[in-house]
Structure formats: structure tokens, C-alpha cells
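got a predicted model here, sequence first, then my questions.
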Amino acid sequence: MTTHSFALHIPDAELEPDPLDPEQIVSGTPEVTGKVVWESADGRQIRGIWQITPGVVTDTEADEMFVVVSGSATIEVEGGAAFTVGPGDMAVLRAGDRTTWTVHETLRKAYAINL
């Protein structure tokens, strides 16, 4: 993690395993990897890269904005909309949203989370 300004080529960034809680997996054998590239001193702002292989998982979201670099998924928000994201798409998730992610192709995103 860096404390100064930087640039990073997201498609080639090396990611670390970030295992899912088995209770989040609805179907398939999705695997998650990620890397936090910056975090504020108080830990309330996080910037990073996240990747998931195909499958269906559930999550409770943080306040997040992300941009998809590669792959695709359909995200269903409980009691709300469903939308499909792919390369170049930006999405915003609200803290507390309960979601179901159907990952069609391995999805890699760059994200900014505020806690």
C-alpha cells in the first residue's frame, strides 16, 4: 500500500486470495482475489482492485463506487433494481444494500469504498 500519488495498470495488477464466506455462495465455485492499494489513516476510505470468477454470491454492500475493467455480472439489489455491468461501466452501491451477484465472466473492478 502506498502513501503517495501513484498510477497502476489494473488489468495486470497482482491480486491476493480473499476467500468468500461459504454462506455467501449461492451456486458455482466463485473465487475472489483483491488488493487494497490505498486506505485512509482512519480506515474509513479504501481504494482497491477486486476480482471474482463465475458463480452466484450474495453480499451486504458498503457505500461503494466501482468501475468494471473486465468481465461481466448482473447485480440484483433486494427490493430494488437489477443491472448488468461490463467493461467501462461505473456502478454505485449504497451501504446496507443486500445484493445477489451473478458473475457471467470473471469480473475485475477498481473500487472506492467509504465506511
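Structure's in. What do you need? Numbers count the residues shown, from 1 in each chain.

please enumerate the strands of the protein.
16-17, 25-27, 32-39, 45-52, 55-60, 63-77, 82-85, 90-93, 98-114 (DSSP state E).

residues in contact with the residue positioned nearest the centre of the chain?
By C-alpha atoms, centre = their mean, the mean C-alpha position of the chain lies nearest to residue 50, the distance being 4.8 Å. Residue 50 makes contact with 15, 18, 32, 33, 34, 66, 108, 109, 111, according to C-beta atoms under 8 Å, 6 or more residues apart in numbering. C-beta coordinates here come from the backbone N, C-alpha and C atoms, glycine included.

which of those count as buried?
Buried by 16 or more other C-beta atoms under 10 Å: 32, 33, 34, 66, 108, 109, 111, out of the contacts of residue 50.

separation between the residue nearest to the last one when sequence neighbours are not counted and residue 29?
This points to residue 111. Computed as C-beta to C-beta, 6 or more residues apart in numbering, the closest residue to residue 111 that is not its neighbour in sequence is residue 66, at 4.0 Å. Going from residue 66 to residue 29 by C-beta to C-beta, to the nearest Å gives 23 Å.
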